[in-house]
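>>> got a sequence here, can you build the structure:
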Amino acid sequence: MTPRVVLDAMGGDLAPQEIVAGALMAAGGLDVDLTLVGRADAITAELKGTTGLRSIHVVDAPDVIEMDEHATDSVRAKPDASINVGLRMVKSGAADAFVTAGNTGAAMAAALLTLGRVRGIGRPALATVFPTQEDGQTIFLDVGANADCRPIHLLQFGFMGSAYMERMFGVARPRVALLSIGEEASKGNQLVLEVHQLLKKSRLNFVGNIEGKDISRGHADVVGMDGFTGNVVLKTVEGMADLLFGEVRRAVELTPWNRAAGLVLYSELRKTKRRLDYAEYGGAQLLGVDGVTVIAHGRSNARAVFSAVRAARDAVQNGVMDVIREVAAEIPAKAAREGTAAVSAPDDDE
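Residues are numbered from 1 along each chain as shown. As a prediction, this is how the structure comes out:
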């Protein structure tokens, strides 16, 4: 069965132009049944002149939650916003997955209020793919859904991340690590110290603490952290990648000899840049809500939107929700009780 993906056409800094452009790329290159949800007149204007759009549908949603609006308040005040309409389609069974590059806090709040949590999950987590050496990859979570966490929540993140890595990427017995300031079990703040002991006693393939410098070295398949730390790490990496390639470009343009060398190395540099480009990975999946939800970068261009739709399609085809529900049955019931009040209204995202 062809996965049915709903795409928020109004979400993101470059909406609706780049969102619709990415949708057209996805319709042409992916086996998906795609629905664009948002202001129908704006979407139709962007689609004008295109042909062969049998795999793209348009659903009108007159309201938009802007990037700078208060997350939970806006979700409740604008029931006809594109984020809400799209998630209701997933909830009703009219779609299999939802993708947005819009207000992250609003997307998380709407997903929790509309889809709810998977039974047994205390808090959902944003999981994103990160490239490592020798063409490898790892995922780290949480990267922004929960600024403050209890130890039991990070234990859950380990279970969900391990299941996700196994189902999506075929990694048997994924190595799970905990981000800390040192490899020793005695290093870290109180949260990390307690989580370390929980992971050590779990059935997960826990390989211990990992330092930030080792994430890219492929020492683990899953790296767990609280959302505050994860968001800082993610944005630091993005900034360093921009700096690196900016400096390389500047160096290449300094002299004719450098430009000649740059031409020789161009293909390899381009491959490296693509591996480090967030647009290749499409965004982060919100693991723990009861439906496939992918939240893309706010400045997603058409290629990033294409990648986000592809990530949603892959999650549906690989049965990610089934495995998350199975894993949730193993997680201590205490986690769900502890997390309930805190996840009902997540904080705003920038």
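
>>> measure residue 245 to residue 100 for me?
Separation of residue 245 from residue 100 (C-beta to C-beta, to the nearest Å): 27 Å. All C-beta atoms are positioned from the backbone trio N, CA, C, and that covers glycine.

>>> cool, residue 151 as well?
Using C-beta to C-beta, we find residue 151 at a distance of 31 Å from residue 100.

>>> those two: which is more packed in?
Higher neighbour count among residue 151 and residue 100: residue 100, with 33 against 19, using other C-beta atoms under 10 Å.

>>> residue boundaries of the helices in the stretch 1-150 of the chain?
Secondary structure of the stretch 1-150 of the chain by DSSP state H, counting those that start in this stretch: the helices cover 17-29, 40-47, 71-77, 82-92, 104-114.

>>> cool, the stretch 251-350 of the chain as well?
Ranges of helices in the stretch 251-350 of the chain, per DSSP H, counting those that start in this stretch, are 256-276, 302-317, 320-328, 333-343.

>>> which one of these has the lowest average pLDDT?
When mean pLDDT is averaged over each of the helices of the stretch 251-350 of the chain, helix 333-343 scores lowest at a mean of 44.

>>> which non-adjacent residue is nearest residue 203?
residue 330 (7.9 Å; C-beta to C-beta, 6 or more residues apart in numbering).

>>> residue 159 is in contact with that neighbour, correct?
Yes: counting by C-beta atoms under 8 Å, residue 330 touches residue 159, with 6.8 Å between them.

>>> between these two, which one's more packed in?
Of the pair residue 330 and residue 159, residue 159 is the one with more neighbours under other C-beta under 10 Å, namely 25 against 12.

>>> what about stretch 154-174, average pLDDT?
Mean per-residue pLDDT for stretch 154-174: 93.

>>> quick one: buried residues of it?
154-169, 171, 174 (16 or more other C-beta atoms under 10 Å).

>>> try stretch 175-188
Buried residues in stretch 175-188, counted by 16+ other C-beta under 10 Å: 175-180, 188.

>>> one more: stretch 1-19?
Buried-residue list, stretch 1-19, by 16+ other C-beta under 10 Å: 3-12, 14-16, 18-19.

>>> count of neighbours near residue 306?
Burial of residue 306 is recorded as 24 neighbouring residues (other C-beta under 10 Å).

>>> could you do residue 149 as well?
The number of residues packed near residue 149 is 26, by other C-beta under 10 Å.

>>> and the pLDDT at the closest residue to it other than its chain neighbours?
Distances taken as C-beta to C-beta, 6+ apart place residue 226 nearest to residue 149, at 4.3 Å, with adjacent residues excluded. Note for residue 226: predicted pLDDT of 93.

>>> ok, how many other residues are close to residue 226?
Neighbour count for residue 226, taken as other C-beta under 10 Å: 26.

>>> pretty sure residue 204 contacts residue 159?
Yes: with contacts counted by C-beta under 8 Å, residue 204 reaches residue 159, the gap being 6.7 Å.

>>> how about residue 287, what does it touch?
Neighbouring residues of residue 287 by C-beta atoms under 8 Å, 6 or more residues apart in numbering: 124-127, 141, 160-161, 164, 320, 324.

>>> at 10 Å what do you get?
118, 121, 124-127, 139, 141-142, 145, 156-157, 159-161, 163-164, 293, 315, 320-321, 324, 327 (C-beta atoms under 10 Å, 6 or more residues apart in numbering).

>>> from residue 167, how far out is it?
With the distance defined as C-beta to C-beta, residue 287 ends up 11 Å from residue 167.

>>> anything in contact with each of the two?
315, 320-321, 324, 327.

>>> dump these into CSV; add neighbour count and distance to residue 46 as well.
Output for the shared contacts of residue 287 and residue 167, formatted as CSV (neighbours: other C-beta atoms under 10 Å; distance: C-beta to C-beta, whole Å):
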residue, neighbour count, distance to residue 46
315, 24, 26
320, 21, 30
321, 19, 31
324, 25, 34
327, 22, 40
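
>>> wait, which of those is closest to residue 195?
Set against residue 195, the nearest of the shared contacts of residue 287 and residue 167 by C-beta to C-beta is residue 327 (17.2 Å).

>>> that'll do, ta.
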